[in-house]
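Novice: pasting the structure only:
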């Protein structure tokens, strides 16, 4: 049998480098024990290619001679399946998380307790009915009239508070959407860049573990913003698509989400000129919250407040105010109690004469010229409030409290409060303009109940999904997390192997010393 | 399953947060005294609370209405008692003046007394409460009794101009529950201006009595008319009494309704303090245990034992 004199040294050297690599890898793991998204690595040791030993004549000898150890690769210990599961759940979890946050804000707006910063709409409306009840018993008293006007102003303030709060939440959501889109684009750009780097190196058999970790972390982050699915392209690159199949990253090519502003000033995400749909994740939640939940609540509120305004105005316009009574007029005064805030603002300044005519009763509020559309009287009058943020107490009434029409037609006297009583009875009566035929209280409680139930459902799902995410993350952590004890054990193991290999070097060194210095002295 | 330090730390943190959230909720419940802080915690309770709060505000308003009505009826009641007393005096004087034996001077003196009584009735007709004339119908701003007559507003319609004298026959109705109304005022016009069998209103009747005495005639022939007028006052007073009676019933009903609603509201939304404190201290124990366990499991690693 023939072999090189230094074979042993070579094997020991390989052992030393291999154990050293293993030790460095372990150190790398320990160093990154707390790095988020880090995947533990293992130096995969394999027996080096053995030297074939042709045993032509000596069948008893082994056919191969072991040539020591080699580091085959430094492997990332990661489970791609768990990653996929994690990303699916995390998209849903952050979706419900986003919705839940919006519901929390909405519930704060709806709160009836004034000390909790709620609008207290119902409280204000109830106080208004109460003031009208008082007016019905003392219609000629100025201070009671003032109270009615004050209570009405509280109602319009509450309406405006809700309107402004909802608008603010909507604006905040819009900002959030833009922010999310920017984040998505930044993440997909970086993923595409990493794809480029990885695909350059991977085919050459080079290790790209830490880059892949970074990419996986970016994908995790991306999955919080929107639901994604990831396909391995085989060359180290990946393709990222949204749930509805829109490609965001294809290898090294990134397609950005663009922002389009619609006619209502809302920002919408657009990919290649089309709506990407069903985005899920935090972005999907913001979109859903702004375009569905908030819009729905806004509409319900709007319908309710405008029905309230309509009911009060219709009844009030049939009433007779104190001024008319004192002047001996017996027909309805026809003055609306609530008007459009924006209309009053512009109109007061632009046409003082018309105002005077309205005050003096020379011109009717239901005059043709006030129609929004003269061809379609159904559309109502220009002085009618357009939405709940636009409701104001008629400035005429604020200026002259005697214009509150408490009396019925024909009025019996200054203390006639029949119309005020009729108005106060709306506390329990259905608002005619409400399709559900409910009173204000019932409808308002309905709005609160609806929000509460929806919010409860979302909270429930959020809880469930976040538990799921935690579970999957735990499973993932079980696979790729660094266990210090384990690393310490390995470190010892490798260290011992290293020491042993070093000892082997010494042994061979001694052998060679013997051979070189201790032999061949015959005849010296 | 492989367990790492990272997992344990994560798990510990998750449990810790959950435990802290529970503590926070009990804390908030105890601090506010309310079971729920937002509708989503219990939508049914939230809606019931909102409705009952509104209900309570409604009841409060009806109670206010009732107390307004109470002060009106009390004022009217007092005025009518006074009127009845006065009526007795009037009857005495008239009975006295029915005798043929009275001399002229005595008759004249009685006539003067009757005129005084008339003015006193006038003052009763002008009874006001906080500047509002209670017998004036809805024309509450002007006195109905002026210049010796109980004045009516033209056509029973509105008085023209503010503070104008005269009464109309309108009744202001007070809502004490949806659909249940009681009259706020007694119609003074009916009380004072209904003609008797001789076609005279009450004040005209009083004028007739004093005029007749001035002319030296006894007034025995007018005693029948007096009966009529007195009857009307008594009937009106009885009607008012029945209103007062109904009002009392309604007030006690409203106050018991208010108590029931308030109790319901409290049961729905108020925290059971004993129960919550018990839960809080239980949760506190759990929290302590969690912290203690955390401190133990997070501390040791293999390194501590390698020397």
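Specialist: Arrived safely, thanks for sending. Nothing here was measured: the structure is a model prediction, and the numbers come from that model.
Novice: and the residue nearest to residue B:153 when sequence neighbours are not counted, what pLDDT?
Specialist: Nearest residue to residue B:153 in three dimensions, chain neighbours excluded: residue B:166, at 4.1 Å (C-beta to C-beta, 6 or more residues apart in numbering or on different chains). Quick note: C-beta positions are derived from backbone N, CA and C, even for glycine. If you check residue B:166, the pLDDT there is 80.
Novice: what element comes up after the lengthiest helix in chain A heading to the C-terminus?
Specialist: When chain A is parsed with DSSP state H, its longest helix is helix A:142-201. Next along the chain after helix A:142-201, taking DSSP states H and E as the criterion, comes helix A:209-225.
Novice: which other residues reach that next one?
Specialist: Applying C-beta atoms under 8 Å, 6 or more residues apart in numbering or on different chains, the contact partners of helix A:209-225 are A:36-39, A:41, A:74-76, A:78, A:83, A:86-88, A:90-91, A:93-94, A:180, A:183-184, A:187-188, A:190-191, A:194-195, A:197-198, A:228, A:230, A:238, A:240, A:281-283.
Novice: Give me the buried subset of those.
Specialist: Listed as buried from the contacts of helix A:209-225 are A:38-39, A:41, A:74, A:76, A:78, A:83, A:86-88, A:90-91, A:93-94, A:180, A:183-184, A:187-188, A:190-191, A:194-195, A:198, A:228, A:230, A:238, A:240, A:281-283; burial here means 16 or more other C-beta atoms under 10 Å in any protein chain shown.
Novice: burial measure for the residue nearest to residue B:153, as a count.
Specialist: 23 (other C-beta atoms under 10 Å in any protein chain shown).
Novice: Please enumerate the strands of chain B.
Specialist: Ranges of strands within chain B are B:128-129, B:132-133, B:145-146, B:149-150, B:173-177, B:180-183, based on DSSP state E.
Novice: in chain A, which ranges drop under the pLDDT threshold?
Specialist: For chain A, applying pLDDT under 70 flags the ranges A:1-3, A:53-63, A:112-119, A:521, A:523-524.
Novice: Which parts of it are helices?
Specialist: Going by DSSP H, chain A shows helices at A:7-31, A:80-110, A:121-137, A:142-201, A:209-225, A:281-288, A:294-317, A:322-326, A:341-350, A:352-360, A:395-399, A:418-424, A:440-480, A:484-513.
Novice: could you redo those helices as JSON lines and give each row distance to residue B:80?
Specialist: Below are these laid out as JSON lines (distance: least, C-beta to C-beta, whole Å):
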{"stretch": "helix A:7-31", "distance to residue B:80": "100"}
{"stretch": "helix A:80-110", "distance to residue B:80": "52"}
{"stretch": "helix A:121-137", "distance to residue B:80": "20"}
{"stretch": "helix A:142-201", "distance to residue B:80": "27"}
{"stretch": "helix A:209-225", "distance to residue B:80": "80"}
{"stretch": "helix A:281-288", "distance to residue B:80": "69"}
{"stretch": "helix A:294-317", "distance to residue B:80": "36"}
{"stretch": "helix A:322-326", "distance to residue B:80": "29"}
{"stretch": "helix A:341-350", "distance to residue B:80": "50"}
{"stretch": "helix A:352-360", "distance to residue B:80": "44"}
{"stretch": "helix A:395-399", "distance to residue B:80": "39"}
{"stretch": "helix A:418-424", "distance to residue B:80": "26"}
{"stretch": "helix A:440-480", "distance to residue B:80": "40"}
{"stretch": "helix A:484-513", "distance to residue B:80": "97"}
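Novice: among those helices, which is the most enclosed?
Specialist: Most buried of the helices of chain A, by mean neighbour count (mean count of other C-beta atoms under 10 Å in any protein chain shown): helix A:281-288, with a mean of 26.
Novice: Give me the nearest residue to residue B:188, chain neighbours excluded.
Specialist: Using C-beta to C-beta, 6+ apart, the closest residue to residue B:188 is residue B:135 (2.6 Å).
Novice: Can you list phi and psi of the one you found for me?
Specialist: Backbone torsions for residue B:135, taken as degrees, to the nearest 10, come to phi -100, psi 10.
Novice: and it, what does it touch?
Specialist: So residue B:135 contacts B:76, B:79, B:125-127, B:144, B:167, B:185-189, B:191-192 (C-beta under 8 Å, 6+ apart).
Novice: now residue A:484
Specialist: A:30, A:33, B:4, B:5, B:301, B:302, B:303.
Novice: So for the fourth one, what pLDDT did the model give?
Specialist: At residue B:5 the predicted local distance difference test score is 81.
Novice: That one and residue A:27: what is the separation?
Specialist: 17 Å (C-beta to C-beta, to the nearest Å).
Novice: By neighbour count, which of the contacts of residue B:135 wins?
Specialist: Going by other C-beta under 10 Å, residue B:167 tops the contacts of residue B:135 with 34 neighbours.
Novice: That one contacts residue B:190, correct?
Specialist: No. Residue B:167 is not in contact with residue B:190 according to C-beta atoms under 8 Å; the separation is 9.9 Å.
Novice: Nearest to residue A:287, out of the contacts of residue B:135: which one, please.
Specialist: For these, the closest approach to residue A:287 (C-beta to C-beta) belongs to residue B:185, at 61.9 Å.
Novice: wait, the closest one sits on residue B:133?
Specialist: No. Assessed by C-beta under 8 Å, residue B:185 is found out of contact with residue B:133, at 9.4 Å.
Novice: roughly how far apart are the residue nearest to residue B:153 and residue A:327?
Specialist: 17 Å.
Novice: cool, residue B:184 as well?
Specialist: In terms of C-beta to C-beta, residue B:184 sits 25 Å off from residue A:327.
Novice: Compare those two and say which one has the larger neighbour count.
Specialist: Using other C-beta under 10 Å, the more surrounded residue of residue B:184 and residue A:327 is residue B:184, with 23 against 11.
Novice: need the residues of the stretch 301-450 of chain A near chain B, please.
Specialist: With the criterion set to C-beta under 8 Å from any C-beta of the partner chain, the stretch 301-450 of chain A comes near chain B through A:325-328, A:330, A:407, A:410-417, A:421, A:424-425, A:427-429, A:441-442, A:444-446, A:448-449.
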